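Novice: A structural model of the following input is requested.
(3 chains)
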Amino acid sequence: MINSKLPSIWYGGDYNPDQWPEEIWHEDMRLFKEAGINIVTLPVFSWAKLQPDETTYSFEWLDKILDLVAENGIYACLATSTAAQPAWMSRQYPEVLPVDVDGRRRTHGSRVNFCPNSGVYRRFSVELARRMALRYKEHPALLIWHVANEYGPHCYCEQCAAGFREWLKERYRTVEELNKRWNMSFWGHTVYDWEEIVPPSNLNGDNRCFQGMMLDYKRFMSDSILACYQAEYDAIKAVTPDIPITTNIWGLFNGLDLKKWGERMDVVSWDSYPQMNEPMTNVAMRHDYMRGLKDGKPFMLMEQTPSQQNWQPYNSLKRPGVMRLWSYQAVAHGADTVMFFQLRRSFGACEKYHGAVIEHVGHGNTRVFRECAQLGRELEVLGDTLLDAVAENHVALLFDIDTWNAVEITSGPSVDLDYLKQAQKYYKAFYDAHIGVDVISPLSDFSKYKLVIAPVLYMMKPGVAERLEAFVQNGGTFVTTFFSGIVDENDRVKLGGYPGELRKLLGIWVEEIDSLLPEMKNRVVLQGGFGQVQGEYECGLLCDLLHLEGAQALAVYGEDFYAGMPALTVNEFGAGKAYYVAADAEDRMIADLCRTLCTQAGVTAPFGADTGVELVQRKKDGAVFTFVLNHNPAAASIHLGGLAAEDLLTGSRVTGTVEVNGYGVMILRLE
Amino acid sequence: MINSKLPSIWYGGDYNPDQWPEEIWHEDMRLFKEAGINIVTLPVFSWAKLQPDETTYSFEWLDKILDLVAENGIYACLATSTAAQPAWMSRQYPEVLPVDVDGRRRTHGSRVNFCPNSGVYRRFSVELARRMALRYKEHPALLIWHVANEYGPHCYCEQCAAGFREWLKERYRTVEELNKRWNMSFWGHTVYDWEEIVPPSNLNGDNRCFQGMMLDYKRFMSDSILACYQAEYDAIKAVTPDIPITTNIWGLFNGLDLKKWGERMDVVSWDSYPQMNEPMTNVAMRHDYMRGLKDGKPFMLMEQTPSQQNWQPYNSLKRPGVMRLWSYQAVAHGADTVMFFQLRRSFGACEKYHGAVIEHVGHGNTRVFRECAQLGRELEVLGDTLLDAVAENHVALLFDIDTWNAVEITSGPSVDLDYLKQAQKYYKAFYDAHIGVDVISPLSDFSKYKLVIAPVLYMMKPGVAERLEAFVQNGGTFVTTFFSGIVDENDRVKLGGYPGELRKLLGIWVEEIDSLLPEMKNRVVLQGGFGQVQGEYECGLLCDLLHLEGAQALAVYGEDFYAGMPALTVNEFGAGKAYYVAADAEDRMIADLCRTLCTQAGVTAPFGADTGVELVQRKKDGAVFTFVLNHNPAAASIHLGGLAAEDLLTGSRVTGTVEVNGYGVMILRLE
Amino acid sequence: MINSKLPSIWYGGDYNPDQWPEEIWHEDMRLFKEAGINIVTLPVFSWAKLQPDETTYSFEWLDKILDLVAENGIYACLATSTAAQPAWMSRQYPEVLPVDVDGRRRTHGSRVNFCPNSGVYRRFSVELARRMALRYKEHPALLIWHVANEYGPHCYCEQCAAGFREWLKERYRTVEELNKRWNMSFWGHTVYDWEEIVPPSNLNGDNRCFQGMMLDYKRFMSDSILACYQAEYDAIKAVTPDIPITTNIWGLFNGLDLKKWGERMDVVSWDSYPQMNEPMTNVAMRHDYMRGLKDGKPFMLMEQTPSQQNWQPYNSLKRPGVMRLWSYQAVAHGADTVMFFQLRRSFGACEKYHGAVIEHVGHGNTRVFRECAQLGRELEVLGDTLLDAVAENHVALLFDIDTWNAVEITSGPSVDLDYLKQAQKYYKAFYDAHIGVDVISPLSDFSKYKLVIAPVLYMMKPGVAERLEAFVQNGGTFVTTFFSGIVDENDRVKLGGYPGELRKLLGIWVEEIDSLLPEMKNRVVLQGGFGQVQGEYECGLLCDLLHLEGAQALAVYGEDFYAGMPALTVNEFGAGKAYYVAADAEDRMIADLCRTLCTQAGVTAPFGADTGVELVQRKKDGAVFTFVLNHNPAAASIHLGGLAAEDLLTGSRVTGTVEVNGYGVMILRLE
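Specialist: Sure, this is the predicted structure:
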């Protein structure tokens, strides 16, 4: 449990009482309780109010609201308020302000608008966190700490340049080693002194020319920002060692090395804002990714909108039932909280058209409030039943931020190669087959899985190849694709033939990589068929021209001068098998392939379900909870066959074929 | 009359003799007279010539050309030449140069390239204007003053930042009040000192985050630039109190608060450059907007091209007859001048491919010159017949620059919401029905209208709701739409339920606003029909989910979870009615609605006309002049029915159905 | 011969041994010899290695590799390594770094990232070149000098501004003259002091407003960069007067005045990187353009890729045979070298996915290596047979960088007017008819041609009109088009009627220029027909409205208000004829027109060939070599009729209709 003081699914969200007069606070408490809200996050953006000048701190208003919250039986996710420094700080210490990738010093405004290597920022932010910890360490409402908010932007200032040089020195020791790692003899970039190193930016184009340098700058930035978080974390931990600490991740993005961040959080929390019309499989994958950041531990859904967003191009309303559906989807994938941004809509500035539990009309007699209150009642009934339940999946998808960055900044072979999309493509194959997937890092433990899927495993970190070999040796099934095994952590090609360190495991040599124009296509033609993979499929984007070195060709290309060369291979390796998908194949082939591999490995869905119905399992103390999530607007069915189960939400017993309402949810405890 | 010294339609335009040797001047005079030109605008861009250094002024060449002009019976629109400062000034006083929204100090060049809060610019520009006024106050050619040229660009420099703080201090008195107005507690932006305020720009992102701040910066910039104009105005007025003063507006744009500018001009003047293939209804609306800036007074068409432009992507020739047609369209809508940019084509720099009365070939034996000369002869014949004639329309369209800006910079609910397009959509409904419209400000007097149409009346300025209520109470018909009544002048939402202050007048409560993806549509389904509004219509973009509070639903939605909720309502209020169009309906519905409302209000077209024929009326001393403007390349007809009229351009009497040539024009004096 | 020390087609390319350990060097030598490679270019980017600090030079490693190369019988194209300054230089002398068009000082990185007017850069680069010349003047491997690499980017710094003022002073002597040339009275830009001149940039918009200024800045930049080249050239020449010197041009681009550059090179060299799917006619034209830079002398193909590129959006493999085909295409058009970037693929930084003779796998057992080696063997067999052979074409296409720039930066009449595309359109007509074309400058000698084609001869340099008149007077055929004869070298319109100085030769007056929207079209309707030009053709973009002044209308417009006006004219002038194509006609018409003109002038193809087969001739000592290049993937035929020839590549004798393999090549010596 995140904190046993509140042994149920935490329900609530961001609350900004400092934007409202006190008389509203009391009305808010009444409405929160009506909605079943048991936690409020605050004060996320109140630094200027808490510290009106360099030497004055003003916590009285926060005392008052926290006391009020506690009096009403509500808990607090206490935020350190350090995501937006006060204007006086930017004015007095302009070096707090970051410099952007175009070399422009930013001026005060917006948020997350500070240099992560600014000593001034670090000093003031840690001091604020420390004072808050000291003041509220015993407060009955305190449940968890929320450091800053949605960390992210990178800086390119002189402070950062100096910090980068130190970071490099520690990592590589000598400039000679640095020159090697970045291949600085290319274009005569050899440096002789640490001071000659300049951060890559739009001012030098080196963010496009020197991939090794760019990767390291991204790592350095992630580390620099993480150091800001860590400094607050340490200050708080020293005071309240038993209170968990987190910071909310704003999504699956490649600006921070999220896996490393996950390790530094007591519990992972994140903000889920699906884009309009985004396939639910992508949302599911993001939840699984966040769960994977702490190797399967439950996480917090820190923010979602009750109705609409404001910053999308088109901010449509969540249809009736959708907020509830998506909330349960988060829980299904491992969330032990359901929290909103925001509890009361602000009435000015850029988020005033973002949905809230309490809308601008100010009362609870709205569709949105009613849906929130209904969900609140349901969660109360669920109590602690689902808390700490975990997924026990047999399939793992490797996904790595470093690799993502490396693929993104590489020059050639195709601008259309999108690492995230490739991962989503394979994830979808399992999602559609109702088979749970853990999204893990290449550094994770593979031994508990039957299948490890690694689309575009472009960057080989030390030891990964050996560990994959061991996994297959011991009977595991491994799948990877074109553009894998190519480079090391510094984006240097592993010489001697692609796919480098994976060559032995896969039993192939890739001689050339063809890049197809968007309108060009090739075909993958099966050689006799492989399980459900039959006939032929379209492929494109990148096509490897490969030679067998022990592997067997399951399919060959149907077109072009490399027609007849292998397009899908399998290599028996010890007790297991390693598959190679040599080109970007259409979804239908990936689906057929993944289903076939699951069948072979004995990995099965919980039971049958119509298209658009998602099935997800969490397990706890021997009980298996299967979430049935109908993403269709219309009713759809699940097919339990001989199974029987109790729906936790209605208490009814279900068996055989059961209809689920449009946007409906069931949580089945299988008998 | 703008100036009774020239009691006819002023005909001429921008003339740059300083780009030509003197021998050309004499040829120009001959050609001007051949073309019927009676006014030349000059010297629009001659500051460097008039003041070659800080202390030297050189007016001799201007004396000479003005004398020549006068000798030839031509008048002058005397320009102050202050739109482009001399290079020496930018060099000597670099603070004259503006800083752009990306924080870059511009270098000398181009035009309208000065900081409007530069004391240096103000001092030098006023001094030049003063000297010109003193020198030419008695000149026989002097007809009107033309200050600077096409004011516009904003500046983000330190001078402006300081000025902004002063402007805010005067407006809000205390930082506490400022914090409230901009809702600065949002994201912790509370300031404690005026000096902490930084102009919103791309360097802080606050031009997207703090709408209240951004609106005020835009207002401040408009005021700053207006102060430049005003300072010259005052200097001139002190010397020549009886000579009118204007500055040419470059179009219907939202960078300046044009209504406020209109109040400071003795006569409004503007430059009409329709984009290629632009619907003529938009051009008509712009003319009506400009007429509205001084509540219906005649205005000046200061610039149009005789043939082609140079700065459009494709600069096609105006087809034969089109220049004449568009000139009369301007007059029809209230222009008492027809003026060109430019009289003689420059032979170097960026406008050399912009059309002129005298083309590069240098003589008058061209199609363009012949068309100009023909129009010149016609205008001579018209004499003062039309001068000071006014429109007497029963329909008013509310249009407001502040509201435009607020809608444009708001974050959510839809990027596709375009305030101008919504206004154009309603304007078009009346235009197509041959019904004249006044484009007015929310602060204008509504009492003289039968219909007031206010699409997307998003921002409610003080008193407007009360005045609209009074208008309807007294029998008026009011129409507004989705996303109305939402915010105050600081872009703060009016709490308590949309549409805020309009809720009582409209008898509705809008609970939610759905934003549709571009490919999503809903339907407006009539409940029994309303006049010509029958059956159903497509709608999209934004759809309000509303509840009746006294109003009646004329139509409901046909789709989605809010099918059956009201989509078009009417509320009886006193002796009048208030209509609410809850979604962005297709043009056909707006047309049917507007026609129905006109019928109910007894507002009628002058007579019938084929599609593409525009009818516009001006009235004077009891006479009604109906302009018949055939925008079709082919002949089309008007249908006078029992009416009879005289065509001022031919002297012929017309009645019944009359054919008008392709691109043809008639000016009918109804008997 | 470029250098008689190596009397065969030079075969090899860029080699970067400094990126590899010494043991690899020996393997490289073995592979080079296996592939028939006889020249390596180095060290292109090793400045930092050659000069690790301001006072230290380190040539030992270069000595070693050059000796190794020589020992293996391979020659060196010795590069001065000055395209990328060492990091220490940028750090110590920040003024070496350029300022971009947005006014941003760049930081160290990338390449060709120096200010061309930096005295520091000049001093250090010349010193390095001088030392290399002294050190290697007697080296047996030395064949040619390669200065810097792919010069190009422009700078906008203060050093350049000062240099620009000096350059202008020298060119125009007085500010009065400058004001005239740039028409600075426009928008009041008159300057009174040289110091008032500011380079045009995005900071002032003058790069869009003042075409004359912009053209001069481009010329000045080309001259400044050329001065960098020239300074190194002079330093080297003083030491090794007999060794040719070149620098590699990166393509047909308008950032440098390439014709002027060609004059300063002992042999022109360039890098050919066709875009994916680019029509081969464009590649052919670029080769012809490069040959024209030294009036027909053989040139060097300095770089091409053996397989794929990395910096295109999609970097597909060259299909089997294509590398060979394109290599021979270069030779056919006048190249006496076939050279690659790169010999061994780098393993880090941005070009690691660019093809190489030796791929990442590191051995020669690859498709790419085998194809390179096969070509190497063929070139050895050819020996010196083709060296110094020249084209003897009867058709010249005028193409001029200045004119290109002027057309590109002009404001109006159409954004779609693309000078290069217009030239390519006419080139293609001849290419498709298998007729050789010289691409020449307007300043070249016309007398040896039968046809001179000058599409969009917008800018008239001094004397060109007179020389064209003389050419036609003497029986030549001249063709030009719309938007010709308009401006002088300062982009000032020639007053008195278009097409200015060409009016007499063409016998026409262009009154107006219509610019058509992309979806608008007109028709060119023949008046009885002209040779193969029959019936009617589509036209668009720009349509001149012209009057005959002695010329005859071969065709008229079919649409719009200028239907019936001449659209294609011919003027008999002395013994020749001058044609005017008044609108942008479809390719089919240009093809018909060019074929007709060739027939009339007695210009014929060598023999017949199927579509997609290119025929090109080089002549030497009375022998005629006809290159047959089948750009089709499938076999195609040539039709020799009664001719007979020997194929140099196979030794076989061919006659009648002969099949050529897909992507196949023949070099026929006609009997």
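Novice: how about the nearest residue to the residue nearest the centre of chain A, chain neighbours excluded?
Specialist: Centrality entry for chain A: nearest residue to the mean C-alpha point is A:Leu252, 3.5 Å, by Cα atoms, centre = their mean. Of all residues not flanking A:Leu252 in the chain, A:Arg286 sits nearest, at 4.8 Å (Cβ to Cβ, 6 or more residues apart in numbering or on different chains). (Each C-beta comes from the backbone N, C-alpha and C, glycine too.)
Novice: How about A:Lys137?
Specialist: With Cβ to Cβ, 6+ apart as the measure, A:Thr240 is the residue that lies nearest to A:Lys137, at 4.9 Å, once sequence neighbours are left out.
Novice: May I have the secondary structure class of the residue nearest to A:Leu252?
Specialist: For A:Arg286, the reduced secondary structure class is helix; criterion used: DSSP: H, G, I helix; E, B strand; the rest coil.
Novice: Can you verify my assumption that it contacts A:Ser272?
Specialist: Yes - assessed by Cβ atoms under 8 Å, A:Arg286 is found in contact with A:Ser272 at 6.8 Å.
Novice: shared neighbours, these two?
Specialist: A:Gly251 (Cβ atoms under 8 Å, 6 or more residues apart in numbering or on different chains).
Novice: Tell me which other helices or strands the helix or strand hosting A:Ala48 touches.
Specialist: Remark: A:Ala48 resides in helix A:47-50, with elements defined by DSSP states H and E. For helix A:47-50, the packing partners by 3 or more Cβ pairs under 8 Å, 6 or more residues apart in numbering or on different chains; DSSP states H and E come out as helix A:119-136.
Novice: my guess is A:Trp326 meets A:Pro306, correct?
Specialist: No - in terms of Cβ under 8 Å, A:Trp326 does not count as a neighbour of A:Pro306; the distance is 10.4 Å.
Novice: Please identify which of those two sits among more neighbours.
Specialist: For A:Trp326 against A:Pro306, the residue with the higher neighbour count under other Cβ atoms under 10 Å in any protein chain shown is A:Pro306, and the figures read 26 against 23.
Novice: That one and A:Phe369, how far apart?
Specialist: 8 Å (Cβ to Cβ, to the nearest Å).
Novice: Mutual contacts of the two, please.
Specialist: Counting by Cβ under 8 Å, 6+ apart, the contacts common to A:Pro306 and A:Phe369 are A:Val357.
Novice: what sits in contact with each of A:Trp326 and A:Pro306?
Specialist: Common neighbours of A:Trp326 and A:Pro306, counting by Cβ under 8 Å, 6+ apart, are A:Lys318.
Novice: The residue of the stretch 101-250 of chain A found nearest chain B: what's it in contact with?
Specialist: Each residue of the stretch 101-250 of chain A has a distance to chain B, by Cβ to the nearest Cβ, and the smallest belongs to A:Gly109, at 2.8 Å. Neighbour list for A:Gly109: B:189, B:198, B:200, B:203-206, B:209-210 [criterion: Cβ under 8 Å, 6+ apart].
Novice: the domain parsing of chain A - what is it?
Specialist: A:10-157+A:215-382, A:395-601, A:608-670 (automatic domain parsing).
Novice: Can you lay out these as JSON lines showing mean pLDDT?
Specialist: Shown next, in JSON lines, are the domains of chain A (pLDDT from 0 to 100):
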{"stretch": "domain A:10-157+A:215-382", "mean pLDDT": "97"}
{"stretch": "domain A:395-601", "mean pLDDT": "98"}
{"stretch": "domain A:608-670", "mean pLDDT": "97"}
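Novice: May I ask you to confirm that A:Gln51 is in contact with A:Tyr57?
Specialist: Yes - taking Cβ under 8 Å as the definition, A:Gln51 is a contact partner of A:Tyr57 at 5.4 Å.
Novice: who has more neighbours, those two?
Specialist: Neighbours of A:Gln51 and A:Tyr57, each counted by other Cβ under 10 Å, are more numerous for A:Gln51; the result is 23 against 14.
Novice: Now do the same contact list for that one.
Specialist: With contact set as Cβ under 8 Å, 6+ apart, A:Gln51 has these partners: A:57-58, A:86, A:124, A:128.
Novice: same thing with A:Arg104?
Specialist: Shown here is A:Arg104, whose contacts under the criterion Cβ under 8 Å, 6+ apart are B:102-103, B:203.
Novice: Counting neighbours, what do you get for A:Thr190?
Specialist: Here the count is done by other Cβ under 10 Å, and A:Thr190 has 25 residues near it.
Novice: Quick check: it is in a helix.
Specialist: No - membership of A:Thr190 in a helix is not supported by three-state DSSP, which gives coil.
Novice: For it, give its distance to A:Arg344.
Specialist: Look at A:Thr190 and A:Arg344: by Cβ to Cβ, they are 59 Å apart.
Novice: So which bits of stretch A:371-387 are buried?
Specialist: For stretch A:371-387, the buried set under the neighbour-count rule, 16 or more other Cβ atoms under 10 Å in any protein chain shown, comprises A:371-373, A:375-376, A:378-379, A:382, A:386-387.
Novice: list the contacts for A:Thr410?
Specialist: For A:Thr410, the contact set (Cβ under 8 Å, 6+ apart) comprises A:211, A:458, A:491, C:353.
Novice: Among these, which one sits closest to chain B?
Specialist: A:Gln211 (28.2 Å).
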